[in-house]
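>>> what follows is a predicted structure for the sequence shown.
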Amino acid sequence: MNYDFKKIEAKWQKYWAENQTFKAENNSDKEKFYVLDMFPYPSGAGLHVGHPLGYIASDIYARYKRHQGFNVLHPMGYDSFGLPAEQYAIQTGLHPAVTTSINIDGCLDAAGNILPKYLNVDDSIKNEALIDKTIATSKKDENYQENIIKGYRKQLDKIGFSFDWSREVRTSNPDYYKWTQWIFIQLFNSWYNKDSDKAEDIATLIALFEKDGNATVNAVSDEDIPVFTADEWNTFDPKKQQELLLQYRLTYLAETEVNWCPALGTVLANDEIINGVSERGGHPVVRKKMTQWSMRISAYAQRLLDDLNTIDWPQPLKDSQTNWIGRSQGASVTFKVLPLTPSEGGGTDSSSPRYYTGNSEIYGILLERAKEMRKNPTAAEAKLWDELRNRNLNDKFRRQHPISNYIVDFVCIEKNLIIEVDGEIHQYQLEKDDERELLLEQKKGFTVLRFSNDDVLNNIEAVIAKIEKKLSSLSSGEGWGEVDLDRGIEVFTTRPDTIFGVSFMVLAPEHELVATITTPEQKAEVEAYIQATAKRSERERMADVKTISGAFTGAYAEHPFSKEPIPVWIGDYVLAGYGTGAVMSVPCGDQRDYDFAKHFNIPIPNIFEGVDISEEAHADKDKTVIANSDFLNGLPYKKAMKLAIYELEKLGQGKGKINYRLRDAVFSRQRYWGEPFPVYYVDGMPQMIATEHLPIALPVVEKYLPTETGEPPLGNATVWAWNTVTNKVVDNSEIDNATVWPLELNTMPGWAGSSFYFNRYMDPTNTEAIFSEDAMNYWQDVDLYIGGSEHATGHLLYARFWQKFLFDKGVVPKKEFAKKLINQGMITGTSAFVYREEESGQIISKGLIDGKIVSPIHADVSFVNASDELDIEAFKNWREEYKDAAFVLEDGKYIVGREVEKMSKSKYNVVSPDSICEDYGADSLRLYEMFLGPLEQSKPWNTAGITGTHGFLKKLWRLYLEDNGAKFTDAAPTKDNLKTLHKTIKKVAEDIENFSFNTSVSTFMICVNELSAQKCTSKEILESLAILVSPYAPHIAEELWEQLGNTTSIATAPFPKFDASHLVESSKEYPISFNGKMRFKLELPLDLSKEEIEATVMAHEKTIEQLQGREPKKVIVVPGKIINIVG
RNA sequence: GCUCGAGUGGUGGAAUUGGUAGACACGUUGGACUUAAAAUCCAAUGGACAUUAGUCCGUGCGGGUUCAAGUCCCGCCUCGAGUACCA
């Protein structure tokens, strides 16, 4: 009997499928074990040998655990929403669901023939069934199968994985994304309570608002939410309440600056951008303000960081998550700033800057008084304030706001409009009103509207109408954004201890204060600078770190302690997106600040004791003592830091703060092929569809491109409105803004569906719940997760975030979804090159190049054999241009050059697992992929080496069977047999548990080599060996197991028990070293004492010969290990 | 720049707590079988000198610790991955 791997593998694959051998039970007395692979995006190109690497490793582990008696969950599915299917839809109009299903299920029937539905009448094959769609292919072509999509599932099945296919999920199936939508709704209905440090239902927040307003609420929320009382909350109209709640929800709609990729027509998350261009396609990305759904992942920043310590994941992966979260501890400090007023024309005498109000002393007094006045408004003021806020005017008003030397009642800063309400309380001011109005209107360019208390109280409609009319007639001040001047400039610093070293401040060019504080003299320069930086793309800005640029705003801030004026600059080395977009610059302690100061001739005060800063900044903090810093003098870093924060807090100008780099994740994509949001809009406010009406299925569209008006592809759908009475998706024409409302047009990003699939596998067909409690309580979490390291900051961070959220909500029992994670390395390709001499056009064998000028040309690796010889005929037939090429051979052969490159179609070095299975079998492939090297390392593929593992399998086979049949007997195993076997059991078990799969393949080879040499025929030994091999080479193991007389699958046969007694040795061949160098070996009994060993060795003739009469200084004897003679 | 990994024969790699460097394979060379090829089997295979023992050199480079270093320590070099003005 020969080792007919084709027959054997087909037989057992069929057996496993028919008997559902690997179906995991949700009710079992056995202990659970959950082995998971990162599920793939099913692309049309199919698998190459690099893809199954991790699947093979996890499959070995899963099978090993079954042998150990565990109930193993080992599922597989598809992350089937994604761009390629959508792009194909844009080109051809074919629905992405069709493409997706072709890519998974393939176009061949069970017998391997193309399914009729992919054939045209003339036997040409439909484009969607082709791998390379640019090559027209017909059924009449001899090798037409090579260009047909086989389907992921078929390819996976051929490798013999022990997946439980009954649990397959596809993220693009409505019965799956129903639960993606469900989780979204849970997030929407939750807020993050910092007091309980977890997500809570939004109802608990509403209860707090109703009772106490929002002043005492300790939540992760948007910044700048106005403070309101319970009374105010209760009188807000529902829309206002919804707006406010949205600022607290864990997923929220907000206008944010997003990464917009014009070429892809969508926004991208930070992790989808590599080096300033899109990860997919490498298109440029620009910043753009858009209203988008966001996920408040920042609420979980600290927990995501802390819990990294609880999981066994690779350190580099943890490091990059730590990096990405980017925690830094320091302080937020507010610098008061008062821009020079236009009338007072700052900058004419820049050596003596003058502050905003003309006298900074009274600013503080004004502020105090303003606050007091806000607390005690007159009836008219209160009424007008309510109206101004609730009318939904396009412009924002502030009340009791300091402007110049005065406090005005209401001001709209964007439009420079002041509204004054005259009442009795203000009688004392009346005489000054004229003077005041003159100043405000004529010198500062404000418009003042004046109403009486009476007007407001009795004729509010007329008052509002007047205000609206005035507002519409006024143009906005150029770029005078919303600014809260009371706040000053807030910065974040990790070094509050160096606050006395501040000699300037720098704002990001995009900072909202820039326009407000810039003096007229500096306006032109600042605007020019802003324009110049805006023009530079993100990429240029990142690439060019060297060039120092910036502009002075003309404004000065006040040092919180010294009260010295500090010039305020803008510069693009300060990023708008990090911290507050502003820094206090300490040039003596920060190299960037130092460079900036040097470049613009700004003083660099030294605040470090005994440190020279003439050449560069001094960033060290551990051994440095602070000097020239008033109350911080003489203190080391940590103490100075604490004291500085303490003093800042006393001033009310700062507090200790922890800052995270992690930003909230944008969750909207302007794509078709993604999960629709279960959201409709009532008066522009998002409403969740009740969970019992899920899923909201993707609508039919005619075109997959954005609409002409720039709306996302779902804007093309004609049936895409929500009827709140029937709870159905209905035709857009029915939208009446009463009971039928428009649905959300964005879809969810790729990571939505992959952020909980590992939990869904536990109960994948449940239609009542995302999974049953029983299933969740049994399976708990993933014990082993294997996948690529490219998901370090994307999928793996988002999935952890959702898991923590679901944990807070009591949906899952574990804070982390995967205990152990392994990143498999990449398999690179070994490209083959032929060399064409430029001059003669001859193609020269590698060994004969020798100084000739040649250009290397990629040759398809399938034309090259194990000895690097080229199949010249095949190469000639490959391309028309090589048909008549002349070859210069060495020894009658053409030898190609080899180089390791990424495996890719364009390099003609792709090897598909299908062809390997065809030629050598799945077991050979599995063994070889493992044999290549450590799982986590990247390593080159070279098909030639597979003969090694294939040869091993043949040798294994021959140990059991020969031409006439069985070789095994009931003979008792010999001592040597047992020793070999138990050595192997020990090593293989250890290897699997250490994920060192490459070494166990060697161990098997050694074992089979030894047993062959021992002519072992003992059935007892061979049965155990079959089980040992079965996780790695399951098909041959099953076949041998059956040949040995077993009638059930080997899959759950108990793993052989290691018995150390078989390895006990009575003697050891000691290496005898002289001065650390091994010279000869000597067999000695292990029960000798140190002294006996030394005496025997010293008396040995070879020792005497080595020593040549010298007296050894020392003899080291390590019993059981080594003997070293020194001297 | 910073963070993390990794450098061992012609190639992939092994050496689990410092203790025989190069296991196991590929490739190469020679041999057996064969008309021949394939397949299979046997032998050799880190380098240099000697080829009968034998000697010297060898784990990216330079130091160090130790009876003993691929393994530990210090300083460099190269390659790969991640990150990128993060205040």
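Great, that's in hand.
>>> hey, let's count contacts and neighbours off CA atoms from now on
OK.
>>> who touches the residue of the stretch 651-800 of chain A found nearest RNA strand B in this structure?
Residue nearest to RNA strand B within the stretch 651-800 of chain A: A:R661 (4.3 Å; CA to the nearest atom of the strand). A:R661 sits next to A:W324, A:I325, A:G326, A:R327, A:Y578, A:G579 when contact means CA atoms under 8 Å, 6 or more residues apart in numbering.
>>> do A:D312 as well
A:D312 sits next to A:K819, A:K820, A:L821 when contact means CA under 8 Å, 6+ apart.
>>> kindly recompute the last result at 10 Å.
A:K318, A:D783, A:L784, A:A818, A:K819, A:K820, A:L821, A:I822 (CA atoms under 10 Å, 6 or more residues apart in numbering).
>>> in the stretch 901-1050 of chain A, what residue spans correspond to strands?
A:939-940, A:961-962, A:965-966 (DSSP state E, counting those that start in this stretch).
>>> elements contacting the last one?
Packed against strand A:965-966, as judged by 3 or more CA pairs under 10 Å, 6 or more residues apart in numbering; DSSP states H and E, are the following elements: helix A:946-960, helix A:1034-1043.
>>> quick one, strands of the stretch 51-200 of chain A?
A:71-73, A:190-193, A:198-201.
>>> same question for the last one, mean pLDDT?
Strand A:198-201 carries an average pLDDT of 96.
>>> ok, what's across the strand from the residue of chain A found nearest RNA strand B?
At 2.8 Å from RNA strand B, A:T493 is the closest residue in chain A, using CA to the nearest atom of the strand. Going by DSSP bridges, A:T493 is paired in beta bridges with A:A331.
>>> in chain A, what helix or strand scores lowest on average pLDDT?
Across the helices and strands of chain A, mean pLDDT, DSSP states H and E gives its lowest value to helix A:430-438, namely a mean of 57.
>>> mind listing the helices for the stretch 51-200 of chain A?
Per DSSP state H, counting those that start in this stretch, the stretch 51-200 of chain A carries helices over the ranges A:52-67, A:83-92, A:96-105, A:152-158, A:174-188.
>>> in JSON lines: these, plus distance to A:K198, mean pLDDT and mean neighbour count.
Shown next, in JSON lines, are these (distance: least, CA to CA, whole Å; pLDDT from 0 to 100; neighbours: other CA atoms under 10 Å):
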{"stretch": "helix A:52-67", "distance to A:K198": "34", "mean pLDDT": "95", "mean neighbour count": "24"}
{"stretch": "helix A:83-92", "distance to A:K198": "35", "mean pLDDT": "88", "mean neighbour count": "18"}
{"stretch": "helix A:96-105", "distance to A:K198": "38", "mean pLDDT": "94", "mean neighbour count": "21"}
{"stretch": "helix A:152-158", "distance to A:K198": "40", "mean pLDDT": "94", "mean neighbour count": "18"}
{"stretch": "helix A:174-188", "distance to A:K198": "12", "mean pLDDT": "97", "mean neighbour count": "22"}
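>>> switch those over to JSON lines; also include distance to A:P567.
Formatted as JSON lines, those follow (distance: least, CA to CA, whole Å):
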{"stretch": "helix A:52-67", "distance to A:P567": "57"}
{"stretch": "helix A:83-92", "distance to A:P567": "49"}
{"stretch": "helix A:96-105", "distance to A:P567": "57"}
{"stretch": "helix A:152-158", "distance to A:P567": "63"}
{"stretch": "helix A:174-188", "distance to A:P567": "44"}
